[in-house]
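Student: Sequence and predicted structure, then a few things I'm wondering about:
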Amino acid sequence: MTCDSVTRLIPLYFYGELMPEEEDRLAEHLHACAGCTREMERQRALAAALDRRQAEVPPMLIESCRADLWAAIQGGAPHFFQPAKGPWALFLEALAATLAGFHRYRTPVAAVALVAVGFFAARFSAGVPASSLSPAGEVFSTVRSVEPDSSGRVQIAFDETRRRVVSGPTGDRDIQRLLLAAAREDNPAVRVESVDLLKSRADSGEVRDALLNAVAHDSNAGVRLKALDGLKPLAADPQIRKTLAQVLLADDNPAVRMQVVDLLVSHRDDSMVGVLQNLVQKEDNNYVRLKCEKALKDMNASIGTF
Amino acid sequence: MSPQIDSLIRAAQRGDQDAFEQLVRAHDQSVLRLAMNLLRSPEDARDVYQEAFLRVYRNLHSFRFDCSFHTWLYRIVTNICLDQLRKRQVRKEESAVVETPGGPVDRMDVFEEEAAHANPERTVWNRELQRRIENALHDLTPRERMVFELRHYQGLRLRNIGEMLGTTEEAAKNCLFRATRKMRAVLGDCV
């Protein structure tokens, strides 16, 4: 073994990553070579110096992370054990649900179904693009009415929504407009993603308003947490602080309250003393209460109101 | 993979929320420690934690037991951390100040405080050493930093690290060697 190859292998030797026979040869070389032994010492000294740099995890952080995670999951993160259903499956489910319980109409319904198949087939053969009727197609249908008549025909009224895909940078005005609309969608997973993308654009008035609206009114804690993230750079703004103070006293999610406290105390503001004192009195979550008490202490304010 | 973790995964895949919670609790401390050590900020570590476990939650159904759950989870976590490190590299703004629940604290001050009881000369020496260590870590590429972190602080084998980072054991070895060489070059006479 040459000194060059030993130098290269020293880190691997130190971390026990060599094969046993390589390790033996290297140990043998070190025994006979003062230069390489010094190299080995330097490796040990480096490791010892780096050991002292290991970051401590603040004791409350893990609990607060868990609280955030459960809040996001219970608030509607898309679930893993329910694979996303395609539009066709959703349509069939909706139809089945609509027709459930109509046992006495079993025969007419079967007729309706057959006629509906014929109807779709006719549209298919009349030149409608296959993709628009295929179960895998990007068309969502909602049946509004089914009206059989005495001649055996049926009239079905349904709305079609065609999916379009657009892409572009998040700074693009049209994309931003769509994201703002998506932030008000029914689906919480869509709202979480949209707010997450919007949060870096809080300098725009529209986005700021959408984030404030989400923090104050969104039913999903995950969305509210993302929106709070986006408001961080604006935490000094009086209007935002006013909304945050209201959220702090009204929000039922401890992870949200914790983040609001962080935002409010990130800027010295004595007008928050009353809000924090109020919260300390009614707060039932230990972590949030401790956080408030600490913030009050830092502001040289008393914990209780007298 | 331990049979207990295995059965927790299967239960969680069937939709058992308690099993998912136990699965998270069995792994989340090491994930948070990794994120804290790499990113030195509780806020960023919290983001990594949240994103990683939400991804696990959304994608657990696709876990096929063809690697250990730990490896699968760390693939997710290391990807998120690497993205963060890359963003920081672009911004070049990693600070020597660590955010703590008690407010921002300068790493050097903490170190100095610890050492102050020893002797002043040693304090100066330690301070210089820590400054150089920060510089040395700054000079590593995100991937070198990750390999070093996983090997030195997390004690993972290079073969596993390669698997987590989607590369070979040999590439992980080269990364570790480069990382060590760079750090020693920057630390100079300090070690």
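Tutor: Noted; the coordinates are in hand. Small disclaimer: the values here were computed from a predicted structure and weren't measured.

Student: use CA for all of it now, contacts and neighbours both
Tutor: OK.

Student: Going toward the C-terminus from the lowest-mean-pLDDT helix or strand in chain B, what's the next helix or strand?
Tutor: The helix or strand of chain B with the lowest confidence, counting by mean pLDDT, DSSP states H and E, is helix B:107-116 at a mean of 43. Downstream of helix B:107-116, the next assigned helix or strand under DSSP states H and E is helix B:120-139.

Student: can you tell me if the very next helix or strand once past that next one touches chain A.
Tutor: The helix or strand immediately downstream of helix B:120-139 is helix B:142-148, counting by DSSP H and E. No. Shown here: helix B:142-148 not in contact with chain A (C-alpha under 8 Å from any C-alpha of the partner chain), separated by at least 10.6 Å.

Student: which other helices and strands contact helix B:142-148?
Tutor: Using 3 or more C-alpha pairs under 8 Å, 6 or more residues apart in numbering or on different chains; DSSP states H and E, the elements in contact with helix B:142-148 are helix B:69-91, helix B:169-187.

Student: Can I get the last one in PDB, CA atoms only?
Tutor: Output for helix B:169-187, consisting of C-alpha atoms alone and laid out as PDB, is shown next (Å, rounded to 0.1, in the frame of the first residue of the first chain):
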ATOM      1  CA  GLU B 169     -21.800   2.800  -2.600                       C
ATOM      2  CA  GLU B 170     -18.700   3.700  -4.600                       C
ATOM      3  CA  ALA B 171     -20.100   7.200  -5.400                       C
ATOM      4  CA  ALA B 172     -21.000   7.700  -1.700                       C
ATOM      5  CA  LYS B 173     -17.400   6.700  -0.800                       C
ATOM      6  CA  ASN B 174     -16.000   9.300  -3.200                       C
ATOM      7  CA  CYS B 175     -18.300  11.900  -1.800                       C
ATOM      8  CA  LEU B 176     -17.200  11.200   1.700                       C
ATOM      9  CA  PHE B 177     -13.600  11.300   0.700                       C
ATOM     10  CA  ARG B 178     -14.000  14.700  -1.100                       C
ATOM     11  CA  ALA B 179     -16.000  16.100   1.800                       C
ATOM     12  CA  THR B 180     -13.200  15.100   4.300                       C
ATOM     13  CA  ARG B 181     -10.500  16.400   2.100                       C
ATOM     14  CA  LYS B 182     -12.200  19.700   1.600                       C
ATOM     15  CA  MET B 183     -12.800  20.100   5.300                       C
ATOM     16  CA  ARG B 184      -9.300  19.300   6.200                       C
ATOM     17  CA  ALA B 185      -8.000  21.800   3.700                       C
ATOM     18  CA  VAL B 186     -10.100  24.600   5.100                       C
ATOM     19  CA  LEU B 187      -9.400  23.600   8.700                       C
END
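
Student: Buried ones in it, by neighbour count?
Tutor: Buried residues in helix B:169-187, counted by 16 or more other C-alpha atoms under 10 Å in any protein chain shown: B:169, B:172-184, B:186-187.

Student: who touches that helix?
Tutor: Applying C-alpha atoms under 8 Å, 6 or more residues apart in numbering or on different chains, the external contacts of helix B:169-187 come out as A:8-9, A:11-12, A:46, B:129, B:132-133, B:135-137, B:139-140, B:143-145, B:147-148, B:158-163, B:191.

Student: Thanks a lot, see you next time.
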